[in-house]
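A.B. asks: 3D model of this:
(one chain, ligands or ions: 2)
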Amino acid sequence: MDGVVVGPRQDETVGARGHDARVLQIEGLRKAYGDVVALDGVDLDVQAGEIVALLGPNGAGKTTLVSIVAGLRKADAGVVRVDGLDALARSAEVRRRIGLAPQDTGLYPVVTVRQNFLLFGELAGMSRSELHTRIDEVAEALALTDLLDRQAGQLSGGQKRRVHTALALLHSPRLLLLDEATTGADVETRGHLLDLVRQLATDGSAVLYSTHYLAEVETLGSNVVILDRGQVIVRGGVDELIAAHAKPVVELHFEGPVPDLGLDGSATVEGQLVRLATPDPAATLVEVLPKVPRDSLQSVEIVRPSLESVYLALAGRRYDEADREQTTTSEVPSVPAR
Ligand SMILES: Nc1ncnc2c1ncn2[C@@H]1O[C@H](COP(=O)(O)OP(=O)(O)O)[C@@H](O)[C@H]1O
Ligand SMILES: [Mg+2]
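C.D. replies: Ligands and ions are numbered 1, 2, ... in the order given. Purely as a prediction, here's the structure:
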């Protein structure tokens with residue numbers, strides 16, 4: 001499938017003084033698990049201050065990608081650089097620059113939330129005083145202040161997810177990797193998380209985060225990379241992608257069987273629903289409605305194009321709830337890279 005690249009061109013990422021704004025550079029990344037090709041030649045950059053949403057259906061390779069960048073899995077081929085440092089050759093330095101909240105949450109359950117923070121902060125090389133200030137800041141931002149002295153294992157799922165994500169942010173990493181951080185989070189938690197992500201980006205970090213919530217990506221106004229079957233099929237800003245790939249759709253819902261409206265090939269029929277993609281919904285309605293028999297039409301809707309439409313146009317299927325991954329909460333810490 002053809003992909004358009006509407007992100008910054010390579011030569012624009014190097015500033016006048018030769019300073020490279022790319023925090024993350026991925027080139028030709030490949031990874032197979034036996035016969036299953038999870039990543040099939042992925043190129044991807046994330047610049048300082050940029051938030052990139054990594055979208056793709058279940059099994060697209062998002063977790064594999066994020067895990068390789070964080071040094072938790074080994075690629076078969078390709079290069080990963082963080083701040084220009086080769087992630088394999090300089091793994092210790094690279095890991096210190098990365099904050100990772102993996103898809104499966106892992107906290108030390110028998111100690112308090114604060115002790116979890118202290119432990120991870122020390123592992124990330126933070127000083128005690130720096131750590132205390134930052135714990136207060138992050139806890140405040142994620143509404144965790146009242147939970148700091150609770151045992152981590154006793155928190156609710158949403159609370160655990162907040163702590164889990166807070167751990168990744170604690171040392172203000174150069175590169176923040178969030179793998180489905182907002183999955184299962186309530187609206188308020190999601191709001192807090194996104195605010196914090198925005199703040200980190202404003203302060204100059206690069207953020208790569210996978211999510212299944214397209215509306216969230218639209219709100220954030222982040223750039224988007226759609227991964228499908230281990231390949232990047234498109235990259236760009238939300239508005240650019242919508243303008244390039246999606247049209248408004250007129251939806252006609254019928255009672256009973258869809259009547260013959262003499263529609264052309266651009267119309268699709270799904271059960272009792274007819275969808276007409278059109279640049280001019282009003283003109284299309286005026287044209288079609290006179291052909292509709294009385295009493296058979298149940299409702300008419302004009303659907304504005306969204307990221308969902310882009311996804312539908314490019315991946316050929318809906319990005320719906322069924323695609324969402326089951327995210328588990330384990331009691332076993334699984335996170336050497338923070
Ligand atoms: N540890 C593993 N062993 C074998 N196959 C795996 C493993 N992890 C992922 N896969 C496979 O690789 C593909 C990509 O998976 P993953 O990176 O988890 O995708 P996503 O996070 O986008 O759902 C899938 O087909 C998945 O089944
Ligand atoms: Mg995943």
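A.B. asks: Is ligand 1 within reach of the helix or strand hosting Val207?
C.D. replies: Assigned by DSSP states H and E, Val207 belongs to strand 206-210. No: if you take Cβ under 6 Å from any ligand atom as the test, strand 206-210 misses ligand 1, and the best it gets is 6.7 Å. For every residue, glycine as well, the C-beta is placed using N, CA and C.
A.B. asks: Can you give the strand pairings for that strand, parallel or anti for each?
C.D. replies: Here strand 206-210 has these sheet partners by DSSP bridges: strand 51-55 (parallel), strand 175-179 (parallel).
A.B. asks: Can you redo these as a markdown table, where the extra columns are mean pLDDT?
C.D. replies: Conversion of those to a markdown table gives the following (pLDDT from 0 to 100):
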| stretch | mean pLDDT |
| --- | --- |
| strand 51-55 | 95 |
| strand 175-179 | 95 |
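A.B. asks: and the longest helix anywhere in the chain, what does it pack onto?
C.D. replies: Criterion DSSP state H: the longest helix present in the chain is helix 187-202. Helix 187-202 sits against strand 51-55, helix 128-141, helix 157-169, strand 175-179, strand 206-210, helix 214-220, with contacts defined as 3 or more Cβ pairs under 8 Å, 6 or more residues apart in numbering; DSSP states H and E.
A.B. asks: Any chance of the ones you listed in TSV with mean neighbour count as columns?
C.D. replies: Below are these laid out as TSV (neighbours: other Cβ atoms under 10 Å):
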stretch	mean neighbour count
strand 51-55	25
helix 128-141	16
helix 157-169	23
strand 175-179	25
strand 206-210	26
helix 214-220	17
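A.B. asks: Which secondary structure state is assigned to Arg294?
C.D. replies: Under DSSP: H, G, I helix; E, B strand; the rest coil, Arg294 falls in the coil class.
A.B. asks: Repeat that for the one 5 residues further on.
C.D. replies: Reducing the assignment to helix, strand or coil with three-state DSSP, the entry for Ser299 is strand.
A.B. asks: Tell me how many other residues surround it.
C.D. replies: Look at Ser299: counted by other Cβ atoms under 10 Å, it has 10 neighbours.
A.B. asks: now it, nearest residue through space, not along the chain?
C.D. replies: Spatial nearest neighbour of Ser299, chain neighbours left out: His253 (4.6 Å); criterion: Cβ to Cβ, 6 or more residues apart in numbering.
A.B. asks: okay, now the one you found: neighbour count?
C.D. replies: Close neighbours of His253, defined as other Cβ under 10 Å, add up to 14.
A.B. asks: Show me what whichever strand or helix holds it is packed up against.
C.D. replies: Using DSSP H and E, His253 sits within strand 249-254. In terms of contacts (3+ Cβ pairs under 8 Å, 6+ apart), strand 249-254 is packed against strand 273-277, helix 281-288, strand 297-303.
A.B. asks: Kindly present the ones you listed as a markdown table, with separate columns for distance to His132 and mean pLDDT.
C.D. replies: Compiled in a markdown table, the helices and strands packed on strand 249-254 are given as follows (distance: least, Cβ to Cβ, whole Å; pLDDT from 0 to 100):
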| stretch | distance to His132 | mean pLDDT |
| --- | --- | --- |
| strand 273-277 | 56 | 90 |
| helix 281-288 | 57 | 91 |
| strand 297-303 | 50 | 92 |
